[in-house]
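Undergrad: My questions are about this predicted structure, shown below with the sequence.
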Amino acid sequence: MRRTKIVATLGPATDNPQIIEELIRAGVDVVRLNFSHGTHEEQKRRAQWVREISEKTGRVVGVLVDLQGPKIRIERFTDGKVQLRQGDKFILDANLDKMAGTKDRVGITYKSLPDDVKPGNTLILDDGRMALVVEKVSGSEIHCIVAQNGELSNKKGINLQGGGLSAPALTEKDKEDIIAAAEIQADYLAVSFPKSADDIKEARKLLRDAGGYGGIVAKIERAEALRVIDEIILASDAIMVARGDLGVEVGDAELPAIQKDLIKRARTMDRLVITATQMMESMIENPIPTRAEVFDVANAVHDGTDAVMLSGETANGKYPVKTVQAMGRICESAEQHPLAKVSDHRVHLTFGRVDEAIAMATMYTANHLNVDAIAALTESGATVLWMSRISSSIPIYAMTRHEQTRRKVTLYRGVYPTSINFEKIGPYNISSKVADILVEKGIVKQGDRIIISRGDLLGDEGGGTNAMKVVTIGNVRAETD
């Protein structure tokens, strides 16, 4: 079974319930709704399709809402585009009409940009395809010298090399979108361009105030976020290594080391991590990935990422289902490498919580004993989160009565959501019922060995996990005091 989860972005190429069903059957674990595009009604319709098809197929699928954030862009040219050559003078003008761009100047969406830059700064446009060096700032005008040739067209993004833009992480649009995310009951909310832990805390408060329960994902896109990365990770439920804007700000050559460090930090701090951007981008147009893309996905798996993400490949691509299938094959193959099966995570630490200690003991036992599956009875999903931080080839089944928890764990590496109703099971029949469920699903068979973790106060959300038990299928007896 594939342990690394796949996040797929929905868009025009998937706006059909049949295509979404094919994506889910192909192995999508979480769908991403990109609020940079489309209306609230369009996104709500997509979320509804996912919920209905998830129910139909019996595959639990999470929903991640991705906020647009303060995407800083140029405005529009009268002719749609201009050709700029190295050495040309070019002006970014905050006061220019948004439709009046020429070969000499263009408007900008972020009106405070002149206050954030100074002579000598380098502005990167269109994801690194063009570069402008700031010569001087005069009022609303940023006078630049073109440092890199290229064609510049409408609405391309702007980044300040090295970071330092003062734009807030949450715009007014984002705050409206958070309310929509709560109405959708999104399982995760991704915050774009956070600069500090306070940005994450604000997003969480706004989501809770709107009635949402989802976890918060910090998209690491700004260079300055790296300076306070531990605080941002701890404030979040997950991070996304968003390699597009981050690569523009820090430089492409720095990205591989940063990606590895971010994944390691997140796992060490018991947080989730998604690796994103251009993972299979050639498959927007082609039915097979490049060898470089195969290596990219496999390396992210070896690094320990919880999930790999598809953006334009599924939202706008010609082969969305084939792309998911190809990514799944790469992940499965990469997971067979010994690097993906070993871990020394927290082995030398002392634990302050009983449930965390039980989670670690379960994984240590499973990795050093011939065990076929782990069944973790959980209310909130905390136990399986800790378990999923330990690299292993043994599947972890999050057995819970809560639909919200089942959808939340769809992002956890190596964890599979499973429904169980504790209230209909006698306190001494839990192990046999768990064994029956795993056998019925074809997960284990007679003679297989499993580990069950549970709490004495089963069904009590404040109870916590305090016990683990090694069980052989076909030899399960009722528990007694």
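TA: That came in fine, so what should we check first? Numbers count the residues shown, from 1 in each chain.
Undergrad: which ones are touching residue 118?
TA: 134, 137 (CB atoms under 8 Å, 6 or more residues apart in numbering). For every residue, glycine as well, the C-beta is placed using N, CA and C.
Undergrad: Output the below-cut-off pLDDT ranges for the stretch 201-350 of the chain.
TA: 340-349 (pLDDT under 70).
Undergrad: what are the ranges of the strands in it?
TA: For the stretch 201-350 of the chain, the strands defined by DSSP state E, counting those that start in this stretch occupy 215-220, 238-242, 272-276, 307-310.
Undergrad: For residue 68, which of those is the nearest?
TA: For residue 68, the closest of the strands of the stretch 201-350 of the chain is strand 215-220, at 10.8 Å, according to CB to CB.
Undergrad: Alpha carbons only: can I get that closest one in PDB?
TA: Output of strand 215-220 as PDB, limited to C-alpha atoms (Å, rounded to 0.1, in the frame of the first residue of the first chain):
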ATOM      1  CA  GLY A 215      -6.000  22.200  10.400                       C
ATOM      2  CA  ILE A 216      -3.800  25.100   9.300                       C
ATOM      3  CA  VAL A 217      -1.100  24.600   6.700                       C
ATOM      4  CA  ALA A 218       1.700  27.200   6.400                       C
ATOM      5  CA  LYS A 219       2.900  27.600   2.900                       C
ATOM      6  CA  ILE A 220       6.600  28.400   3.100                       C
END
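Undergrad: Can you convert the strands of the stretch 201-350 of the chain into TSV and add a column each for mean neighbour count and distance to residue 47?
TA: Converted to TSV, the strands of the stretch 201-350 of the chain look like this (neighbours: other CB atoms under 10 Å; distance: least, CB to CB, whole Å):
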stretch	mean neighbour count	distance to residue 47
strand 215-220	26	16
strand 238-242	26	19
strand 272-276	27	19
strand 307-310	26	17
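Undergrad: Columns distance to residue 421 on top of those strands, output as JSON lines?
TA: Output for the strands of the stretch 201-350 of the chain, formatted as JSON lines (distance: least, CB to CB, whole Å):
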{"stretch": "strand 215-220", "distance to residue 421": "24"}
{"stretch": "strand 238-242", "distance to residue 421": "28"}
{"stretch": "strand 272-276", "distance to residue 421": "27"}
{"stretch": "strand 307-310", "distance to residue 421": "28"}
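Undergrad: what's the neighbour count on residue 421?
TA: For residue 421, the neighbour count with other CB atoms under 10 Å is 10.
Undergrad: Spatially nearest residue to residue 38 (excluding sequence neighbours)?
TA: Computed as CB to CB, 6 or more residues apart in numbering, the closest residue to residue 38 that is not its neighbour in sequence is residue 11, at 7.8 Å.
Undergrad: I'd assumed residue 284 was in contact with that neighbour.
TA: No: the criterion here is CB atoms under 8 Å, and residue 11 misses it with residue 284 at 11.2 Å.
Undergrad: anything in contact with each of those two?
TA: The contact lists of residue 11 and residue 284 share 312, 316, where a contact means CB under 8 Å, 6+ apart.
Undergrad: Centroid-nearest residue for this structure?
TA: Centroid-nearest residue in the chain, with CA atoms, centre = their mean: residue 274, separated by 3.8 Å.
Undergrad: Distance of that one relative to residue 291?
TA: 23 Å (CB to CB, to the nearest Å).
Undergrad: And residue 331, by the same measure?
TA: As judged by CB to CB, residue 331 and residue 291 stand 16 Å apart.
Undergrad: who has more neighbours, these two?
TA: residue 331 (23 against 8).
Undergrad: tell me the contacts of the more buried one?
TA: 2-4, 6, 297-298, 301, 308.
Undergrad: With residue 66 instead?
TA: Applying CB under 8 Å, 6+ apart, the residues near residue 66 are 32-36, 190, 192, 219.
Undergrad: And residue 87, what's its pLDDT?
TA: For residue 87, the pLDDT comes out at 96.
Undergrad: Adjust the sequence numbering to begin at 36 for everything that follows.
TA: All right, first residue 36 from here; so that's residue 122.
Undergrad: so how many other residues sit close to it?
TA: So residue 122, with other CB under 10 Å, has 9 neighbours.
Undergrad: same thing with residue 147?
TA: Per other CB under 10 Å, the neighbour tally for residue 147 reads 12.
Undergrad: Equivalent analysis for residue 172, please.
TA: A count of nearby residues for residue 172, using other CB under 10 Å, gives 19.
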